[in-house]
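Colleague: Everything below, folded, please.
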Amino acid sequence: MYCDDKYICRSVLYRSVLYRYVLANGDAPFRDAFKSRRCLVPADGLYEWKPLGAKTKQPYRFIMRDGSPMAFAGMWERWRDPANGETVKSFTIITGEPNALCAPIHNRMPVILDPADFPAWRGETPAAPEQLQALLDRSRPSAWRRT
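Modeller: Residues are numbered from 1 along each chain as shown. As a prediction, the model looks like this:
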């Protein structure tokens with residue numbers, strides 16, 4: 001499920017959502033998560049769907065050129081469900097501008113972090129908010145292939 005550019009998907013209960021990276025550092029629901037609850041979301045690929053008509057879409061799968069796994073930039077949150085008082089653990093996958101390979105298919109994509117950036121994203125090495133935001137601006141289309 002994708003979110004609109006400026007809003008968090010409201011159906012956050014028990015599922016992951018994709019969250020536009022331009023809001024990750026400042027929007028109230030994830031401001032604290034951006035500061036201290038960043039995570040990696042491992043994947044072996046991703047799908048995007050290109051509209052072909054009013055009701056038809058073509059799926060495209062993107063994987064790393066060498067077949068290795070990838071990690072999406074994510075944030076996690078723990079909150080209390082007002083309906084039943086239970087603690088809910090949820091996460092979001094941060095989306096951003098598509099790289100050159102994905103752009104003809106879709107107007108956004110999950111932010112894929114370089115393995116060298118994992119320690120900074122997870123908070124294992126110090127990084128200023130500006131440095132973390134810069135990690136979200138990178139794309140590596142040369143490392144990808146479309147299947």
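Colleague: Would you agree residue 90 is in contact with residue 80?
Modeller: No - at 11.7 Å, residue 90 does not count as touching residue 80 under the criterion of Cβ atoms under 8 Å. For glycine as for every other residue, the C-beta is placed from the backbone atoms N, C-alpha and C.
Colleague: where exactly do the helices run in this protein?
Modeller: For the chain, the helices defined by DSSP state H cover 28-36, 118-122, 129-136.
Colleague: Tell me which of residue 90 and residue 80 has more neighbours.
Modeller: It is residue 90, of residue 90 and residue 80, that has more neighbours when counted by other Cβ atoms under 10 Å, with 16 against 10.
Colleague: From residue 119, how far out is the more buried one?
Modeller: From residue 90 across to residue 119, the span is 24 Å (Cβ to Cβ, to the nearest Å).
Colleague: Residue 104 now?
Modeller: Taken as Cβ to Cβ, the span from residue 104 to residue 119 is 33 Å.
Colleague: Residue 86 touches residue 80, doesn't it?
Modeller: Yes - using Cβ under 8 Å as the test, residue 86 is close enough to residue 80 to be in contact (7.2 Å).
Colleague: what residues are shared contacts of the two?
Modeller: Shared contacts of residue 86 and residue 80 (Cβ atoms under 8 Å, 6 or more residues apart in numbering): none.
Colleague: Find me the pLDDT at residue 46, would you?
Modeller: pLDDT recorded at residue 46 is 90.
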